[in-house]
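*Asks:* Provided below for reference: sequence and predicted model.
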Amino acid sequence: MKKSILAILISLVHIIPLYILVGVALKRPDDLSSRWKLPDYLYLDNFNVAIEQGNILKGLGDSSIITFISIVLITIIGAMAAYPLARNATKTNRRVKSFVMGIMMVPPLSIVVPLYSMMADLQATSTYWGIIVILVTFQLPMSVFLYYNFIRSIPKDLDEAASIDGCGPLRTFFKIILPQLTPVTASVVILTGVSCWNDYQFSLYMLQSSNIKTVTQTIASFFSQNSSNMNAAAATALLGILPILIAFIFLQKYFIKGMIDSAIK
């Protein structure tokens, strides 16, 4: 009974903000009724404002490019880095693993000033590759951690059998290990993909040109020091969460399995 109540409370924490978001997105700007009350009419002009003034379609496109490339690099590099760490339990590898895990404890905003200075020197600000490098760097530790725990559950006998058949380490990884990483890869894709898609702290500082505009920047554009458009921002946010929500629906089976296997195996 207590677990059910706790589950309901946790669900409400997530559902209530979404409920309010939908209500605000469907209300007229001059409707000052309670945020908790859904409108008794259908008002879709907020979505037109999100598309025409906010240019949410460009935001979706730019965020999709950045997130897709980042996910590909995070999964490939993370899996390849975790494989030797999981298979060779040397003192050096244990130190490398501890260092990688330690990076997860560093607050990103604590190094944003030197990071921006370095990226500016490299002329990487307001570029796709600059923001991608930053996102990949900060998401890789989680990727390595999940892949490391999962690969340890795969019997080493498979590696030895592949070695007897003449496979080198790279061929063994791509032919034997990688096909078995589908569940944990889904977990990595969702967890890191959501972080990349929702990133605002790095986009705010590194993408100062209007040539590249992410979903989070598009939502923030409706708020300024002198004015704000809460209804259009809510409509933009609803459009912004659709791609990542659809991706989760298709990958949730693998996501749950991958999280359980990475945690207990």
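*Replies:* Right, received. Where do you want to start?
*Asks:* mind listing what the closest residue to Ser221 other than its chain neighbours touches?
*Replies:* Of all residues not flanking Ser221 in the chain, Gly54 sits nearest, at 6.0 Å (CB to CB, 6 or more residues apart in numbering). Every residue, glycine included, has its C-beta placed from N, CA and C. With contacts defined as CB atoms under 8 Å, 6 or more residues apart in numbering, Gly54 is in contact with Thr218, Ile219, Ser221, Phe222, Ala232, Thr236.
*Asks:* now pLDDT and distance to Asp199 too, for the residues you listed, in JSON lines please.
*Replies:* Converted to JSON lines, the contacts of Gly54 look like this (pLDDT from 0 to 100; distance: CB to CB, whole Å):
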{"residue": "Thr218", "pLDDT": "90", "distance to Asp199": "13"}
{"residue": "Ile219", "pLDDT": "90", "distance to Asp199": "12"}
{"residue": "Ser221", "pLDDT": "87", "distance to Asp199": "16"}
{"residue": "Phe222", "pLDDT": "87", "distance to Asp199": "18"}
{"residue": "Ala232", "pLDDT": "89", "distance to Asp199": "22"}
{"residue": "Thr236", "pLDDT": "92", "distance to Asp199": "16"}
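*Asks:* how about residues contacting stretch 202-209?
*Replies:* Counting by CB under 8 Å, 6+ apart, 108, 112, 116, 119, 124-126, 130-131, 134-135, 138, 213-214, 216-217, 220 sit against stretch 202-209.
*Asks:* in helices, which of those appear?
*Replies:* If you go by DSSP state H, these have Val112, Tyr116, Met119, Gly130, Ile131, Ile134, Leu135, Phe138, Thr216, Gln217, Ala220 in helices.
*Asks:* the second one reaches Ser126, doesn't it?
*Replies:* In this case it means Tyr116. No: assessed by CB atoms under 8 Å, Tyr116 is found out of contact with Ser126, at 11.5 Å.
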